[in-house]
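Q: Here's my sequence, what's the structure:
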Amino acid sequence: MIKIIEKYPIATLSIVIILMLLVHLDIPNVTIMEARNFITAREMVQDNNWLLTTMNGEPRYQKPPLPTWFTAVSGLIFGINNLFALRLPAALMVLFLGIFSYYFSLKLNVSKKHSFRNSLILVTSFYVFAILNEAPWDIYSHGFMLAGLYFLFQFFDKKKFVWKNIILSAIFIGLSIMSKGPVSLYAVFLPFLISYGIVFKFKNLKTKLLPLLSFIVLFILIGGWWFVYVRIVDSQAFLEIATKETGNWSSYNVKPFYYYWSFFTQSGLWTIPAFISLLYPYLINRIENKKAYKFTFWWTISAFILLSIIPEKKARYLMPVLIPLALNTGFYIQYLIKHFSKLTSKKETFPVYFNFGLIGLIAISLPIGLYIVLKNNFQTYLVNYILISIATIGIGVFIFIFLIKRKFINVFYLTILFMVSVFLFGLPISKYFNKNKDFKAINSLHLLEKENTVKTYSIGEITPELLWDYNGKLKDIYKNETLEIPSEDNFGLLLMNEDVEKITAKLIDKYNLQLTETYNLNVGSKNKERLIRQFYLVSKK
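A: Coordinates of the predicted model:
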């Protein structure tokens, strides 16, 4: 079986992504970042705002439009409110990232099997797939950047096909900029250049000056034309948004330099192997391709340091580091596949037994934990429970068997299979946690509007999740402590609990206010006020 899997790496990688991500792509709840992006895609289609992107009818130029175009086109084909359709392009970008990590690894002169395992480590690293739900546009930026670096590496490394490689590199890097601005230039491209300079040196660049200049011009044109267009056509809004975004880098979510010290934990199941792969003095003398290892090591460290310098920090910003870290981890995994059966030092064997033994234990214990959690709802998820129990118990048992037999290659692929099984059979069970008895979708507000012939307005900026579910536009009529009362005699108002008293005080003399409904988009047991709105019918006295 392993021979078949390794013989068809791209096909196997595609199957992993399909089973792990695509089968239940529409199950996870929409997050705030997804809601913003999906609203922009929906308004692209409904209002024909393909260049001057909007959210709730207002300019939204914080992010370039390329990922939104992909999302909108998928929505046009399969349905603009279809979550599977809207998430599909980003999920396919995970596959795209995995494929290019495979081909990039080959250029580092490692074997096809080693390259294939690198790609599997990458696509199963926690924040690589989690980013789809938290900040789906990031995967486009970093995916296109890796493709660009694949061709740029060949440009630096070879004398043949100079123009072909530099043009393709410029195109993909330009697409990366069109996905999330210069983010990936800083977090992926710059660390790559630093590492390449340290390890491979920049040789014969004098003979390639013209292609290099062309490369810079081309990726700037491809990546920057939209910014120039918006700056000219809607200058005021663009400058206001740009000023605010730039200010966030130094004043929003500011964390200390050492905040990212545990960055390797973002690789999830691969945390301990990733950490060990960064122990340069230990690993450098145990692997064959030392130069390639040095390159991925310095690429990872450079990315970590550069991201640590930026005052604004969030866990998801570490996703770019996981690209070189996966390649780096691959060297340690390759070492274990070749030598684990012969290792005698407990210092070397204990981390392996601990990490993968823990995964095996989790796999075997998972059905017990699920049974305890599900309690009275056990019957609802019986089929999925049986499937995930059979899969994970079997995987856990075999992990222990092959650990005892010291057949590490089997342990590695069983770990991948465990990941796939959890997503394939376990993700539908996550619906169990959507049990808020106060949940009330705001989409039903349209019925009240129709019955009472009113238009609804928002007091304060409406939360993206609520706006997405509402499926329409809700004008904010309360800005800078100023209430802009609608001209209609009858209208609807959406208010947060904290705003009810001050707004009713401003209207009570001339208007009747009737609390008609409370909309609560919290799916879990914890109620977040930002996802709750009270709906008032307002009529003139």
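Q: Strands along the stretch 401-541 of the chain, start to end?
A: Here the stretch 401-541 of the chain has its strands, by DSSP state E, counting those that start in this stretch, at 456-458, 478-479, 482-483, 490-495, 511-520, 532-540.
Q: Of those strands, which stretch is the most buried?
A: Among those, strand 456-458 has the highest mean neighbour count (mean count of other CB atoms under 10 Å), at a mean of 23. (Each C-beta comes from the backbone N, C-alpha and C, glycine too.)
Q: could the strands of the stretch 401-541 of the chain be laid out in a markdown table, adding mean pLDDT and distance to Leu190?
A: A markdown table is the format used below for these (pLDDT from 0 to 100; distance: least, CB to CB, whole Å):
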| stretch | mean pLDDT | distance to Leu190 |
| --- | --- | --- |
| strand 456-458 | 94 | 41 |
| strand 478-479 | 88 | 39 |
| strand 482-483 | 88 | 44 |
| strand 490-495 | 93 | 44 |
| strand 511-520 | 92 | 45 |
| strand 532-540 | 93 | 43 |
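Q: Looking at these, which is nearest to Phe200?
A: strand 478-479 (54.5 Å; CB to CB).
Q: Show me what the closest one is in contact with.
A: Under the criterion CB atoms under 8 Å, 6 or more residues apart in numbering, residues 458-460, 484, 499, 503 lie in contact with strand 478-479.
Q: Apply 7 Å and report the result again.
A: Residues outside strand 478-479 that contact it (CB atoms under 7 Å, 6 or more residues apart in numbering): 459-460.
Q: Make JSON lines from the strands of the stretch 401-541 of the chain and add distance to Ser195 to it.
A: Formatted as JSON lines, the strands of the stretch 401-541 of the chain follow (distance: least, CB to CB, whole Å):
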{"stretch": "strand 456-458", "distance to Ser195": "48"}
{"stretch": "strand 478-479", "distance to Ser195": "48"}
{"stretch": "strand 482-483", "distance to Ser195": "53"}
{"stretch": "strand 490-495", "distance to Ser195": "51"}
{"stretch": "strand 511-520", "distance to Ser195": "49"}
{"stretch": "strand 532-540", "distance to Ser195": "48"}
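Q: out of the ones you listed, nearest to Ile5?
A: Closest among the strands of the stretch 401-541 of the chain, using CB to CB: strand 511-520, at 46.6 Å.
Q: contacts for that closest one?
A: 436, 438-440, 442, 445, 448, 504, 507, 527, 531-541.
Q: what's the angle between that strand and strand 490-495?
A: Angle of strand 511-520 versus strand 490-495, following axes from the mean of the first three to the mean of the last three CA atoms, to 10 degrees, is 50 degrees.
Q: Keeping just the C-alphas, turn strand 511-520 into CSV.
A: The C-alpha coordinates for strand 511-520 follow below in CSV (Å, rounded to 0.1, in the frame of the first residue of the first chain):
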residue,chain,number,x,y,z
TYR,A,511,-41.5,58.0,17.9
ASN,A,512,-43.1,54.8,19.3
LEU,A,513,-40.7,51.9,19.8
GLN,A,514,-41.8,48.3,19.9
LEU,A,515,-39.3,45.5,20.7
THR,A,516,-40.3,42.9,18.3
GLU,A,517,-37.6,40.3,18.1
THR,A,518,-34.1,39.4,19.5
TYR,A,519,-31.6,37.9,17.0
ASN,A,520,-28.8,35.8,18.4
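Q: quick check: angle from that strand to strand 532-540?
A: 160 degrees.
Q: between the strands of the stretch 401-541 of the chain, which one is nearest to Leu76?
A: Once the strands of the stretch 401-541 of the chain are compared by CB to CB, strand 456-458 is nearest, at 27.1 Å.
Q: which residues sit against that closest one?
A: Contacts of strand 456-458 (CB under 7 Å, 6+ apart): 445, 449, 474-477, 486, 491-494.
Q: switch to 8 Å and redo it
A: So strand 456-458 is contacted by 445, 449, 474-478, 486, 491-494, 533, 535 (CB under 8 Å, 6+ apart).
Q: can you pull the contacts of Leu483?
A: Here Leu483 is in contact with 459, 477, 503, 506 (criterion: CB under 8 Å, 6+ apart).
Q: Of the residues you listed, which is the nearest to Ile416?
A: Nearest to Ile416 among the contacts of Leu483, with distances taken as CB to CB, is Ile459, at 49.7 Å.
Q: Could you pull up phi and psi at that closest one?
A: phi -100, psi 110 (degrees, to the nearest 10).
Q: Same check on Ile18?
A: phi -60, psi -50.
Q: now it: how far from Val30?
A: Separation of Ile18 from Val30 (CB to CB, to the nearest Å): 22 Å.
Q: Of the two, give the one with the bigger neighbour count.
A: Applying other CB atoms under 10 Å to Ile18 and Val30 shows that Val30 carries more neighbours, namely 19 against 15.
Q: Helix, strand, or coil at that one?
A: coil (DSSP: H, G, I helix; E, B strand; the rest coil).
Q: Please verify my assumption that it contacts Leu83.
A: Yes. Under the criterion of CB atoms under 8 Å, Val30 makes contact with Leu83 at 7.1 Å.
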